[in-house]
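Novice: sequence? don't have it. structure:
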């Protein structure tokens, strides 16, 4: 999402400007995300129940796009889909003021979809002008399943579409599959015609948690986790997953491909782009000192960080672990070349040795929670911890941290401990990590609507100094904080604009 640095003024706030709420129980429109538009308005994207499914009694979805002006008034609404299920996942503004939509489609042609799916599930890309009118659409896929996870406009005005594919040569996929599934990237020109395609796969092993990012020069990287060989799930001594990073140029040619890890389990969670053109990879590790890892394993799921340069060469690695049961909630690159993290800080006590299954059977110490909370951590470009602010018992981070104008951080926190402070808060930290201020949201805004612990939140700031909070509620949620609600299971959505 687009955001600007936050400048909090010394006034009573947050003051609500407007709000919009949607629920599947009340109407058929269920947005999933929002983002600001260049004209000062907002665009909401999600799904709506298709006309065909209303007639048949099923709940098949169409793409949904709603354009609001800066005051929250609806300017237009569009839905796009065929006679079965079409699930919008990504929307991005384009340089001409329009939008590009990307998601998955199981539909044949019909209603306002003109291209049938090639197999079970295709990438489906739809191009809109500034008024929401369809310019073109493309179904991309083979006879099996394609799952779109990335969509970017490229410097030449075209588009890069990426995701996982289990198809071989069929449909409009002309490349053979290399593993159980590949990461399949398709370059479209500005008119939606296929320029080229590339497939990244591992014939002998498995790829997991794959994602794609496009760099300013038009090159791009794919990151994830890879197993050098397909693991035996019954083995206690497997070479398991490593971090995986591959960089390609703007024409899709591989520049380099790297893996990072030790002899055990390294599972990538996120890849951050650094201002110097390098990358910071962060995830879980069970390996000791070996391979690319120079820090000892301290028990449980250590958070391992490795920084590499623009050529994929390792610069340093660090691990965050001690008596903590580590869990990474959110990570953010900062303008000074460092990064900020929101981490679980549950204190744990080691117990007896047990056998657990983590893609393979593995022995580790049972750990008992003796305290809980979370921490905001700021680290510099060399991996040195600059500061850490701990939040006490029964406080949970509910949004990714956003940078403030003074170099600090702002994010949403829910305090569940009974008393006057219980509720949803916006917390601002200074550049030193000290608390600048925290303000509580009105109970009517979100808590009366749904429990924040059963919601997923977004937070971003605007050119006028105001900010937007969006909350999503989903079905069949388990665990907290910030439940990992599947985007396919969102049942209600609320967006609120607040004054500066």
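Specialist: Thanks, I have the structure now. Bear in mind that the values here come from a model prediction, so they are computed numbers and not experimental data.

Novice: in the sheet, which strands lie alongside the host helix or strand of residue 91, parallel or antiparallel?
Specialist: Taking DSSP states H and E as the definition, one finds residue 91 inside strand 86-93. Partner strands for strand 86-93, per DSSP bridges, with pairing direction: strand 99-105 (antiparallel).

Novice: what lies in contact with the partner strand?
Specialist: Outside of strand 99-105, the residues within contact range by Cβ atoms under 8 Å, 6 or more residues apart in numbering are 43, 45, 63, 65, 80-82, 84-94, 113, 117, 121-128, 132, 139, 146-148, 151, 153, 159, 161. Yep, even glycine has a C-beta here, placed from its N, CA and C like the rest.

Novice: report the distance from the strand holding residue 91 to the chain centre.
Specialist: 13 Å (Cα atoms, centre = their mean, to the nearest Å).

Novice: mind listing residues that contact that strand?
Specialist: Outside strand 86-93, the residues within contact range by Cβ under 8 Å, 6+ apart are 32-33, 35, 37-38, 43, 45-47, 50, 60-65, 80, 99-107, 113, 124, 148-153, 487-488.

Novice: what's the PyMOL line that selects buried ones from those residues?
Specialist: A single PyMOL command selects the buried members of the contacts of strand 86-93 (16 or more other Cβ atoms under 10 Å):
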select buried, resi 32+33+35+37+43+45+46+47+50+60+61+62+63+64+65+80+99+100+101+102+103+104+105+106+107+113+124+148+149+150+151+152+153+487
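
Novice: quick check: end-to-end length of stretch 441-461?
Specialist: Stretch 441-461 stretches 16 Å from its first residue to its last (Cα to Cα, to the nearest Å).

Novice: state the mean pLDDT of it.
Specialist: When pLDDT is averaged over stretch 441-461, the result is 82.

Novice: returning to what we had before: inside helices: which ones of the contacts of strand 86-93?
Specialist: Among these, no residue falls in helices (DSSP state H).

Novice: phi first, then psi, for the residue nearest to residue 280 when sequence neighbours are not counted.
Specialist: Distances taken as Cβ to Cβ, 6 or more residues apart in numbering place residue 272 nearest to residue 280, at 4.4 Å, with adjacent residues excluded. Torsion angles at residue 272 (phi, psi; degrees, to the nearest 10) stand at phi -100, psi 140.

Novice: and residue 272, how many residues sit next to it?
Specialist: Residue 272 has 18 neighbouring residues, counting by other Cβ atoms under 10 Å.

Novice: hang on, residue 288 packs against residue 302?
Specialist: No: using Cβ atoms under 8 Å, residue 288 is not in contact with residue 302; the gap is 9.9 Å.

Novice: quick one, which of the two is more surrounded?
Specialist: Neighbour count, other Cβ under 10 Å: between residue 288 and residue 302, residue 302 has more, with 23 against 15.

Novice: how about low-confidence regions in the stretch 51-200 of the chain?
Specialist: The stretch 51-200 of the chain contains residues with pLDDT under 70 at 51-59.

Novice: and the strands in it, which stretches?
Specialist: Assigned by DSSP state E, counting those that start in this stretch, the strands in the stretch 51-200 of the chain fall at 61-68, 74-80, 86-93, 99-105, 122-128, 134-140, 146-153, 159-165, 182-188, 194-200.

Novice: now the fifth one: how far from the chain's centre is it?
Specialist: On the basis of Cα atoms, centre = their mean, strand 122-128 is displaced by 20 Å from the centre of the chain it belongs to.

Novice: just checking, what packs against it?
Specialist: The criterion is 3 or more Cβ pairs under 8 Å, 6 or more residues apart in numbering; DSSP states H and E, and the helices and strands that strand 122-128 contacts are strand 99-105, strand 134-140, strand 146-153, strand 159-165.

Novice: 6 Å instead, please
Specialist: For strand 122-128, the elements it packs on are strand 99-105, strand 134-140, strand 146-153, judged by 3 or more Cβ pairs under 6 Å, 6 or more residues apart in numbering; DSSP states H and E.

Novice: relative to strand 99-105, how tilted is the second one?
Specialist: Translated: strand 134-140. 30 degrees (axes from the mean of the first three to the mean of the last three Cα atoms, to 10 degrees).

Novice: what lies in contact with strand 134-140?
Specialist: When contacts are defined by Cβ atoms under 6 Å, 6 or more residues apart in numbering, strand 134-140 is touched by residues 115, 117, 122-127, 129, 186, 192.

Novice: mind listing what's buried in it?
Specialist: 135, 137-140.

Novice: okay, now the sheet partners of it, with direction.
Specialist: Partner strands and pairing direction for strand 134-140 (DSSP bridges) are strand 122-128 (antiparallel).

Novice: the strand it pairs with to strand 61-68, inter-axis angle?
Specialist: 30 degrees.

Novice: using the record's assignment, carve the chain into domains.
Specialist: 37-201, 211-393 (automatic domain parsing).

Novice: how near is residue 165 to residue 266?
Specialist: Distance, residue 165 to residue 266, using Cβ to Cβ, to the nearest Å: 25 Å.

Novice: okay, and the beta partners of residue 220?
Specialist: residue 214, residue 248.

Novice: typo on my end, it should be residue 42
Specialist: residue 36, residue 68.

Novice: please apply the same query to residue 282.
Specialist: residue 270, residue 305.

Novice: what about it, how many neighbours?
Specialist: Other residues lying near residue 282 total 22 when counted by other Cβ under 10 Å.

Novice: low-confidence stretches in the stretch 301-450 of the chain?
Specialist: Counting by pLDDT under 70, the ranges of the stretch 301-450 of the chain that qualify are 321-326, 345-372, 418-420.

Novice: at 80 instead, please
Specialist: The stretch 301-450 of the chain contains residues with pLDDT under 80 at 301, 320-328, 344-373, 392-394, 405, 417-421, 447-450.

Novice: walking through it, point out its strands one by one.
Specialist: 302-308, 314-320, 324-333, 339-357, 361-371, 374-379, 385-391, 395-397, 402-403, 409-415, 423-429, 435-440.

Novice: the shortest one pairs with which strands?
Specialist: It stands for strand 402-403. Each strand paired with strand 402-403, and its direction, by DSSP bridges: strand 409-415 (antiparallel).

Novice: hang on, residue 491 packs against residue 24?
Specialist: Yes: between residue 491 and residue 24 there is a contact under Cβ atoms under 6 Å: 4.7 Å.

Novice: quick revisit: distance to residue 333 for the buried residues of strand 134-140 - can I get that in a markdown table?
Specialist: What follows is the buried residues of strand 134-140, written out as a markdown table (distance: Cβ to Cβ, whole Å):
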| residue | distance to residue 333 |
| --- | --- |
| 135 | 34 |
| 137 | 34 |
| 138 | 32 |
| 139 | 35 |
| 140 | 31 |
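
Novice: skipping its backbone neighbours, what lies nearest residue 33 in space?
Specialist: Distances taken as Cβ to Cβ, 6+ apart put residue 45 closest to residue 33, at 5.5 Å, once the chain neighbours are dropped.

Novice: got it, and residue 411?
Specialist: residue 401 (4.5 Å).

Novice: need the phi and psi values for that neighbour.
Specialist: Dihedral angles for residue 401 - degrees, to the nearest 10 - are phi -70, psi 140.

Novice: dump the residue contacts of it.
Specialist: Contact partners of residue 401, counting by Cβ under 6 Å, 6+ apart, are 330, 332, 340, 409, 411.

Novice: tell me how far the first one lies from residue 342.
Specialist: Put plainly, it is residue 330. 4 Å.
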